[in-house]
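Student: structure for this input, please:
(chains A and B)
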Amino acid sequence: MPPKKTVPEMQAIAKRIRREIIEMIGAAKSGHPGGSLSAVELVVTLYFDVMRHDPSNPKWPDRDRFILSKGHAAPVLYAAMAECGYTPLDQLNTLRKLGSIYQGHPDVRFIPSLEASTGSLGEGVSLALGMGLTARLNGSPSRTYVMLGDGEIQEGQIWEAAMFGSFHKVENIVAIVDYNGIQLDGFVKDIMDVAPLAAKWRAFGWHTVEIDGHNIPVIQAAFKEASETKGKPTAIIAHTIKGKGVSFMENNPKFHGTAPTPDEVKLALQELQ
Amino acid sequence: MTPTKPKFELKLGMATREAFGKALVVAGRENKDIVVGDADLSKSTYTSLFHNEFPERFFSCGIAEANMVAIAAGFAYAGKVPVVASFSCFLMNKGFEQLRVTVAYPKLNVKVVGTHSGISIGEDGPSQMSVEETALACSLPGFVVLSPADEVSATALVLAAIRYVGPVFIRTGRMKAPIVYPPDQKFEIGKAIELVEGTDVTVIATGLLVAEAIRAQETLEAEGISVRVIDIHTIKPLDRDAIQRAAAETGAIVVAEEHLIDGGLGVRVAQVVAETHPCVMEFVGIHDTYAESGTPEQLLDKYGLVARDVIAAVRRALGRKKPRA
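Tutor: Below you'll find the predicted structure:
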């Protein structure tokens, strides 16, 4: 396993990953910057501190696993995996281009070290349950983390999976909701409000914590609490800012699914110095 | 030449769903990686047998097929051999999106078993009937689609599906099915079985219609018509050689299945015939409609899925077949 990073190191990695997200989506001329930027600290904390994994042995059976159920945030996952050494950093800007390993949504056919192909919303918790139950049957310490969008949890399958997770006491999985408040058509509260979110997960039998999804020490504490929770899975409701780190993208529904123009890329990269 | 005709007693055997449930237990004893999910129908799908013997490897999913299919994908990603079962209509229709994106797209080793296929479930009516499953399953790239005719083939094909690495859909029926095969018959995924040799016309059948095809052949033989009968137990990938040979050697093909004609086995056979050796074809199946409540026998009769309908299709085909030069 690679050495864990300190909080300042992770903050530096987070900034670098934000730059990579902007550059790769800018080069692709399409993609979803807002929901990648909102999830950076969550993904960085998992890959550089919390998860037991080994980029030199990606199929290690006892590794921890990460599923990006909100598959449209592929750029944040690609940048994090490239920073870990799973995939080439220098090809990130081939995102979404024919022949690139960096497909529009995560695709295990192109990157075997991904844990799952995703992109159709609502499916990730179910996938995590199958992986978590496998670890339980095998007596493996492996834990599975699945990141959901707040709009994504409007899908009914999420709640089928939530029921299953508590009923079968799948304590080795963690669902992280990137609660940035914006989906494609606008603000979640205006499209199909999901509040009160923590109360919903609690009602479905999950240990539930609400945190600031950009504060790395707070994120670390939440994952520690999850690992110490027995008899039920954990949901982390992470309050985040869509487009975090780029002023004109923050809380702007336009940048859910619109690539920055070359000028906007320049501006964004200046802000992310 | 008098073709050697095996004797078919067509004695009523187990339903193919029951044969599946029993074979799954046998497989589970050998392969400890098999895990099974069911959606509140385990007594009907016979996965209850696996549950009884291996409770720690059985997962009750509640009435939530979509979740069940994607959990199976998670199991497969992590190295297990998941088998999920339900009524075919619920599993294939409610679980289809998950079959597409979580199972077929990454081509995972998931076994999907639909029970209560076709209209022969009877009294429950069309909301519980699966008449489009072949179309759905065959539209999943990389899937193997199996359709056993009796308890012997169901047992063998379930075990073959478990041994095969990759996604498989197996359609099974509710009704007790006439036994077509001797107990020691060998089955190979993708290899059709010629049950009766014949030279005038070929009946290609699958599932319950295999027995009806045999009954039709026996009647027609008495009239001096030589009918070849082929069981297509693997709907995908199709045995192209057997189909091409039938087209070339008999010049007329009837396809019989308990499924909508649209998107069914017949359409798939017709594609192979068109690509290899065009010949006269007729189709026995469900014609663009939903059925209704009734006994299985009444429904199969009313919707045109018995030996009488196979015989009529053979006569139509022979009537259209050009005389040999």
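Student: contacts and neighbour counts: CA atoms only from here.
Tutor: Noted.
Student: show me what contacts the nearest residue to A:Ile67 once chain neighbours are set aside?
Tutor: What sits nearest to A:Ile67 in space, not counting adjacent residues and going by C-alpha to C-alpha, 6 or more residues apart in numbering or on different chains, is A:Val146, at 4.6 Å. By C-alpha atoms under 8 Å, 6 or more residues apart in numbering or on different chains, the residues touching A:Val146 are A:Phe66, A:Ile67, A:Leu68, A:Ser69, A:Gly124, A:Val125, A:Ala128, A:Ile173, A:Val174, A:Ala175, A:Ile176.
Student: same question, B:Asp184
Tutor: Taking C-alpha under 8 Å, 6+ apart, one finds nothing in contact with B:Asp184.
Student: may I have the secondary structure class of it?
Tutor: Put simply, B:Asp184 is coil when judged by DSSP: H, G, I helix; E, B strand; the rest coil.
Student: mind checking how far it is from chain A?
Tutor: 35 Å (C-alpha to the nearest C-alpha, to the nearest Å).
Student: what of B:Lys43?
Tutor: Per C-alpha to the nearest C-alpha, B:Lys43 is found 20 Å from chain A.
Student: that residue is in what secondary structure piece?
Tutor: B:Lys43 is part of helix B:42-45 when elements are defined by DSSP states H and E.
Student: mind listing what's buried along that helix?
Tutor: B:Ser42, B:Ser44, B:Thr45 (16 or more other C-alpha atoms under 10 Å in any protein chain shown).
Student: might you report the residue contacts of the second one?
Tutor: Applying C-alpha under 8 Å, 6+ apart, we find B:Ser44 in contact with no residue.
Student: before we move on, the earlier item: show me what the helix or strand just after the helix holding B:Lys43 packs onto, helices and strands only.
Tutor: For helix B:42-45, the following helix or strand on the C-terminal side (DSSP H and E) is helix B:48-53. Applying 3 or more C-alpha pairs under 8 Å, 6 or more residues apart in numbering or on different chains; DSSP states H and E, one finds that helix B:48-53 contacts helix B:16-30.
Student: does the helix it packs on come close to chain A?
Tutor: No: Helix B:16-30 does not reach chain A (C-alpha under 8 Å from any C-alpha of the partner chain); its nearest approach is 14.5 Å.
Student: which bits of chain A sit near chain B?
Tutor: A:61, A:107-109, A:115-118, A:120, A:123, A:126-131, A:133-134, A:137, A:157, A:160-161, A:164.
Student: repeat that with 10 Å
Tutor: A:59, A:61-62, A:65, A:107-109, A:115-120, A:122-135, A:137-138, A:156-164, A:167-168 (C-alpha under 10 Å from any C-alpha of the partner chain).
Student: mind listing the helices for the chain?
Tutor: By default, I'm working from chain A. All helices of chain A, identified by DSSP state H, fall at A:7-28, A:33-37, A:40-45, A:74-84, A:124-138, A:156-167, A:188-191, A:197-203, A:216-227, A:262-271.
Student: please refer instead to chain B.
Tutor: Under DSSP H, chain B gives helices at B:16-30, B:42-45, B:48-53, B:65-77, B:88-94, B:96-98, B:133-138, B:151-163, B:209-222, B:240-250, B:265-276, B:296-302, B:307-320.
Student: which of the helices of chain A is buried the deepest?
Tutor: helix A:33-37 (a mean of 29; mean count of other C-alpha atoms under 10 Å in any protein chain shown).
Student: which elements pack onto it?
Tutor: helix A:7-28, helix A:74-84, strand A:173-179, strand A:182-183 (3 or more C-alpha pairs under 10 Å, 6 or more residues apart in numbering or on different chains; DSSP states H and E).
Student: dump these to CSV, plus mean pLDDT.
Tutor: Formatted as CSV, the helices and strands packed on helix A:33-37 follow (pLDDT from 0 to 100):
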stretch, mean pLDDT
helix A:7-28, 98
helix A:74-84, 98
strand A:173-179, 98
strand A:182-183, 97
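Student: which residues touch the closest residue to B:Leu91 other than its chain neighbours?
Tutor: Excluding the flanking residues, the one nearest B:Leu91 by C-alpha to C-alpha, 6+ apart is B:Glu65, at 5.8 Å. Neighbouring residues of B:Glu65 by C-alpha atoms under 10 Å, 6 or more residues apart in numbering or on different chains: A:157, A:160, B:37-40, B:71, B:84-87, B:90-96, B:98.
Student: can you report phi and psi for A:Glu228?
Tutor: phi -90, psi 0 (degrees, to the nearest 10).
Student: I'd say it and A:Glu171 touch.
Tutor: Yes: between A:Glu228 and A:Glu171 there is a contact under C-alpha atoms under 10 Å: 9.3 Å.
Student: between those two, which one's more packed in?
Tutor: Neighbour totals were compared for A:Glu228 and A:Glu171, and A:Glu171 leads with 25 against 11 (other C-alpha atoms under 10 Å in any protein chain shown).
Student: ok, now which ones touch the more buried one?
Tutor: With C-alpha under 10 Å, 6+ apart, A:Glu171 has these contacts: A:129, A:132-133, A:136, A:143-144, A:165, A:206-207, A:226-234.
Student: go with 7 Å
Tutor: A:Thr229, A:Lys230, A:Gly231, A:Lys232, A:Pro233 (C-alpha atoms under 7 Å, 6 or more residues apart in numbering or on different chains).
Student: kindly report the same for A:Ala12.
Tutor: With C-alpha under 7 Å, 6+ apart, A:Ala12 has no contacts at all.
Student: give me the number of residues near residue 273?
Tutor: In the absence of a named chain, this looks at chain A. 8.
Student: let's do chain B instead
Tutor: The burial count for B:Val273: 22, using other C-alpha under 10 Å.
Student: find the nearest non-adjacent residue to it, please.
Tutor: B:Gln244 is the one closest to B:Val273 (C-alpha to C-alpha, 6+ apart), at 6.3 Å.
Student: just checking, that neighbour touches B:Gln271?
Tutor: No: if you go by C-alpha atoms under 7 Å, B:Gln244 and B:Gln271 don't touch, sitting 10.7 Å apart.
Student: which one of those two has more residues nearby?
Tutor: B:Gln244 (21 against 13).
Student: which elements pack onto the longest strand along chain B?
Tutor: In chain B, ranked by residue count with DSSP state E as the criterion, the top strand is strand B:252-260. In terms of contacts (3 or more C-alpha pairs under 7 Å, 6 or more residues apart in numbering or on different chains; DSSP states H and E), strand B:252-260 is packed against strand B:201-205, helix B:209-222, strand B:280-286, helix B:307-320.
Student: how about that strand as PDB, C-alpha atoms only?
Tutor: Taking Å, rounded to 0.1, in the frame of the first residue of the first chain, the C-alpha atoms of strand B:252-260 are listed here in PDB:
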ATOM      1  CA  ALA B 252     -38.600 -25.300 -45.700                       C
ATOM      2  CA  ILE B 253     -38.400 -24.300 -42.000                       C
ATOM      3  CA  VAL B 254     -41.100 -23.900 -39.400                       C
ATOM      4  CA  VAL B 255     -40.100 -22.200 -36.100                       C
ATOM      5  CA  ALA B 256     -42.200 -22.800 -33.000                       C
ATOM      6  CA  GLU B 257     -41.900 -21.100 -29.700                       C
ATOM      7  CA  GLU B 258     -44.000 -19.900 -26.800                       C
ATOM      8  CA  HIS B 259     -43.100 -16.200 -27.200                       C
ATOM      9  CA  LEU B 260     -44.200 -13.200 -29.300                       C
END
